[in-house]
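> Provided below are the primary sequence and the corresponding predicted coordinates.
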2 protein chains.
Amino acid sequence: MRGLLMERFSFNQATAKHWPLPDLVAGCAAAGVRFVGLWREPVLSHGLARSAALVRDAGLSVSTLCRGGFFGADDWREDNRRAIDEAATLGAPVLVLVCGGLAGRSLAEARERVAAGIEALVPHALDAGVRLAIEPMHPMFTADRSVVATLSGALSLAARFPPAAVGIALDTYHVWWDERVLPEIAAAGSRIACFQLADWVLPLPADVLVGRGLPGAGCVEFGVLLDAVARAGYQGPIEVEVFNAELWTRPGAEILRDTIAAYQAVTC
Amino acid sequence: MRGLLMERFSFNQATAKHWPLPDLVAGCAAAGVRFVGLWREPVLSHGLARSAALVRDAGLSVSTLCRGGFFGADDWREDNRRAIDEAATLGAPVLVLVCGGLAGRSLAEARERVAAGIEALVPHALDAGVRLAIEPMHPMFTADRSVVATLSGALSLAARFPPAAVGIALDTYHVWWDERVLPEIAAAGSRIACFQLADWVLPLPADVLVGRGLPGAGCVEFGVLLDAVARAGYQGPIEVEVFNAELWTRPGAEILRDTIAAYQAVTC
């Protein structure tokens, strides 16, 4: 029931952080990859219009753009409007939102600020045809990266807005541990705007942000989650997005090769 | 409404890990502390009967014993029965359960094993007059320490058993980030068997286990959680239990003094 999984594979640029965009695009095209997940900083560094043309000319589609959000920042409104525009230019149907941490506020205040921020962006997102995907992040990031800590919290937040404008970004790394994850994936249904794979690997490194593993390297049960997401009706691209300091030291082509192999192993 | 908070203060032994038990007991008694939370290893090292007499003769009560659980281990049954007996000997009404990580099993299997383990212990706990307190632990510990990751998960598990035998151990460090924490504390009601305070401090250290802060040092909103626990009807001891590698290097009497000051500051 998982269906045509290699055709749905998307290589997220953050997995090969230091691979220049033209090389990454050429490598993906040569490997028969159809989707890439892009990040704003390297896209802007290469040039937005040039990046869009590069991807398009290679026959690739952009599954997601990372990232908007960080609603605690002073310039959140302008920055998120630009992010939406960039996603539209790239043809990315989804902008992933990393909603931001406490930034000196209480949890309740920070969460209300996120809700108000998303509300303010909805009209522009609808105009641009870009869906905002709220990403619940692992609770070890609640204080500094995302006060949206659970799928439950992300869904409650998304429910305030039209489904065409706001969905959720489901990353196995952030949600695998949750007792409620399976019923909540079922409840999420068409709110699932993007699906990313990364594994939980022990021991955690000194910088917990960059210690994720390629699928299969750790203890996440990908089969269980893939099936749940399929049953929920999601049929879009499946990204592998792995932040791993060791992986990043290797040549991009090797990282892509190993990522495809890892993806195939857990989705077969 | 929080009520008589200094009278409810309990100093958990783990906060001054290297302070010999006799010194800790004498220090607490001299400071007017009424409760201590003890750990099995230092208690057994000092001698169980001697420890019980030491605490009793100093006029102190043992609020909790840490810890049973680790149901993934081969000897879980005998070890947990001994832990219950030790708690009874110490006069501790509560044995905290750290339920154990995956230990090579799937999440579902590991969680069922925890449930089956607790079920097997309930008769002995009731006989001994010791309540088992399931501790939901922060999801960064799901893989290796506790597959019970949320208050929701702990309450679902506890609900299978008589309230006199099984409650939950609520530690602010483990639950503060959860979008559902306030309604779930309300739902927990008399299932709250113990309440521990520790703060979430950034950056996380290389060993995330030992990077907790004294209350007030980080971003946990103690007032909100204390009020929620009071409204839920809990009137028992409030422990400060802080695992902090830097704190542990200091003299026990200093740690106790600073812990009392931190407790008073967040509970006033």
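Thanks, I have the structure now. Residues are numbered from 1 along each chain as shown, chains lettered A, B, ... in the order given.
> contact residues of chain A facing chain B?
With C-beta under 8 Å from any C-beta of the partner chain as the criterion, chain A meets chain B at residues A:102, A:106-107, A:111, A:138-140, A:142-144, A:148-150, A:152-153, A:156, A:176-180, A:200, A:202, A:204-206, A:208, A:218-219, A:221, A:224. Using the backbone N, CA and C atoms, a C-beta is placed for each residue, glycine as well.
> just the buried residues from these, in ChimeraX please.
Buried subset of these, written as a ChimeraX selection, criterion 16 or more other C-beta atoms under 10 Å in any protein chain shown:
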select /A:102,107,111,138,139,140,142,143,144,148,149,150,152,153,156,176,177,178,179,180,200,204,208,218,219,224
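> from the residues of chain A next to chain B, which land in helices?
Judged by DSSP state H, the residues of chain A next to chain B include A:107, A:111, A:152-153, A:156, A:224 as members of helices.
> and those residues, which is closest to B:Pro20?
Of all those, B:Pro20 sits closest to A:Leu107, with 39.0 Å by C-beta to C-beta.
> pretty sure the closest one contacts B:Glu221?
Yes - proximity of A:Leu107 to B:Glu221 meets the contact threshold set by C-beta atoms under 8 Å, at 6.5 Å.
> shared neighbours of these two, anything?
Residues within reach of A:Leu107 and of B:Glu221 at once, by C-beta atoms under 8 Å, 6 or more residues apart in numbering or on different chains, are B:Trp176.
> so which elements touch the strand or helix carrying A:Ile84?
Using DSSP states H and E, A:Ile84 falls within helix A:76-90. Counting contacts by 3 or more C-beta pairs under 8 Å, 6 or more residues apart in numbering or on different chains; DSSP states H and E, helix A:76-90 is packed against helix A:40-46, helix A:48-57, strand A:61-69, strand A:94-98, helix A:107-128.
> what's near enough to touch the nearest residue to A:Leu5 once chain neighbours are set aside?
In space, and not counting its chain neighbours, A:Leu5 is closest to A:Thr267: 4.1 Å by C-beta to C-beta, 6 or more residues apart in numbering or on different chains. A:Thr267 sits next to A:2, A:5-6, A:222, A:226, A:238 when contact means C-beta under 8 Å, 6+ apart.
> most neighbours, which of the residues you listed?
A:Ile238 (25 neighbours; other C-beta atoms under 10 Å in any protein chain shown).
> by proximity to chain B, which residue of the stretch 1-150 of chain A wins?
Nearest to chain B, among the residues of the stretch 1-150 of chain A, is A:Thr142, at 3.7 Å (C-beta to the nearest C-beta).
> give me the nearest residue to that residue, chain neighbours excluded.
B:Trp177 (3.7 Å).
> hmm, that neighbour is touching A:Pro139, no?
Yes - between B:Trp177 and A:Pro139 a contact is recorded at 4.3 Å, counting by C-beta under 8 Å.
> which neighbours do these two share?
A:149, B:138.
> what's the burial count for the nearest residue to A:Arg160 once chain neighbours are set aside?
Sequence neighbours aside, A:Ala115 is the residue nearest to A:Arg160 in space, at 6.5 Å (criterion: C-beta to C-beta, 6+ apart). For A:Ala115, the neighbour count with other C-beta under 10 Å is 17.
> thought A:Ala115 was touching A:Leu157?
Yes - assessed by C-beta under 8 Å, A:Ala115 is found in contact with A:Leu157 at 5.9 Å.
> just the ones in helices among the residues of chain A next to chain B now: which is nearest B:Gly213?
Of all these, A:Leu107 has the smallest distance to B:Gly213: 16.7 Å, by C-beta to C-beta.
> residues contacting the closest one?
With C-beta under 8 Å, 6+ apart, A:Leu107 has these contacts: A:142, A:147, B:176-177, B:221.
> closest to B:Thr89 out of those residues?
B:Trp176 (33.5 Å).
> ok, that closest one to B:Ala265 distance?
To B:Ala265, B:Trp176 is 17 Å away according to C-beta to C-beta, to the nearest Å.
> so what's the residue count around the residue nearest to A:Ile134 when sequence neighbours are not counted?
Nearest residue to A:Ile134 in three dimensions, chain neighbours excluded: A:Ala154, at 4.6 Å (C-beta to C-beta, 6+ apart). A:Ala154 has 30 neighbouring residues, counting by other C-beta under 10 Å.
> so A:Ala154 touches A:Leu132, yeah?
No - with contact defined as C-beta under 8 Å, A:Ala154 does not count as touching A:Leu132 (11.2 Å).
> how about the spatially closest residue to A:Tyr234 that is not a sequence neighbour, what does it touch?
Spatial nearest neighbour of A:Tyr234, excluding adjacent residues (C-beta to C-beta, 6+ apart): A:Ile192 at 4.4 Å. Applying C-beta under 8 Å, 6+ apart, one finds that A:Ile192 lies in contact with A:167-168, A:170, A:185, A:229, A:232-234, A:236.
> just the buried ones from the residues you listed?
Looks like these have A:167-168, A:170, A:185, A:229, A:232, A:234, A:236 buried, using 16+ other C-beta under 10 Å.
> for the stretch 1-150 of chain A, give me the ranges with low pLDDT.
Residues of the stretch 1-150 of chain A meeting the criterion pLDDT under 70: A:1-4.
> go again using 90 as the cut-off
A:1-5 (pLDDT under 90).
> then the stretch 151-268 of chain A?
Using pLDDT under 90, the stretch 151-268 of chain A drops low at A:205-210, A:268.
> please, where are all the strands along it?
A:166-171, A:192-197, A:199-200, A:212-213, A:238-240 (DSSP state E, counting those that start in this stretch).
> quick one: end-to-end length of stretch A:124-132, please.
10 Å (C-alpha to C-alpha, to the nearest Å).
> an error on my part: the question was meant for stretch A:166-184.
Counting by C-alpha to C-alpha, you get 17 Å between the two ends of stretch A:166-184.
> just curious, which of the contacts of A:Thr267 is nearest to B:Val55?
For the contacts of A:Thr267, the nearest to B:Val55 is A:Phe222 (49.3 Å; C-beta to C-beta).
> can you tell me the closest non-neighbouring residue to that closest one?
Ranked by C-beta to C-beta, 6+ apart and with sequence neighbours excluded, the top spatial neighbour of A:Phe222 is A:Val266, at 4.0 Å.
> show me the contacts for that neighbour.
Applying C-beta under 8 Å, 6+ apart, we find A:Val266 in contact with A:197, A:215-216, A:222-223, A:226.
> closest to chain B among these?
Nearest member of these to chain B, counting by C-beta to the nearest C-beta, is A:Gly223, at 9.9 Å.
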